[in-house]
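> Prediction below, plus the sequence it came from.
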Amino acid sequence: MKVKPLADRVVVKSHEAEETTQGSIIIPDTAKEKPQKGEIVAAGPGKVSESGNKIDMEVKVGDVVLYGKYSGTEVTIDNEDYLIMRESDILAVI
């Protein structure tokens, strides 16, 4: 990975959206929801508080996380799509 996020930001590789429902109905591309689950591929060093203390990240590379539907900024690096978001946009680690 050529990208090194700054402060409390992470780079997330989104998992693909479901192709079919439980009833085996195929979902067309236009009706698929944005995935809200992905794997962290890069993480920044952590945030610096107003008092000057470094706050370490709670997530690490390799964690599978849940995030908000419209969280982060979509970027393309080496023909791969990623999201760059703040650690606070992450809802849970799976």
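That came through, no problem.

> Tell me which residue is most central in the protein.
What sits nearest the mean C-alpha location of the chain, by CA atoms, centre = their mean, is Val12, with 3.3 Å.

> Look up the residues forming beta bridges with that residue.
In this entry, Val12 is beta-bridged to Ile40, Leu83, by DSSP bridges.

> quick one: it from Thr73, how far?
Distance, Val12 to Thr73, using CB to CB, to the nearest Å: 11 Å. Placement of C-beta: from N, CA and C, glycine included.

> and if you look at Lys47?
18 Å.

> the more surrounded of the two?
Remark: of Lys47 and Thr73, Lys47 carries more neighbours, 17 against 9, as counted by other CB atoms under 10 Å.

> Give me the below-cutoff pLDDT ranges for this structure.
For the chain, the stretches with pLDDT under 70 are 1, 17-24, 26-35.

> Which stretches in it count as helices?
Along the chain, no stretch is classed among the helices by DSSP state H.

> hang on, Lys60 packs against Ala42?
No - with contact defined as CB atoms under 8 Å, Lys60 and Ala42 do not form a contacting pair (10.3 Å).

> Who has more neighbours out of these two?
Taking neighbours as other CB under 10 Å, Lys60 and Ala42 compare with Ala42 leading, 18 against 11.

> And for that one, nearest residue in space, chain neighbours not counted?
Val11 (4.1 Å; CB to CB, 6 or more residues apart in numbering).

> residue contacts, the one you found?
1, 3, 5, 40-43, 82-84 (CB atoms under 8 Å, 6 or more residues apart in numbering).

> That one and Asn53, how far apart?
25 Å.

> ok, now Val59?
19 Å.

> Please apply the same query to Leu6.
Counting by CB to CB - Leu6 and Asn53 are separated by 17 Å.

> So what sits opposite Val64 in the bridge?
Glu39.

> Verify the stated contact: it with Gln36.
No - between Val64 and Gln36 there is no contact under CB under 8 Å: 11.6 Å.
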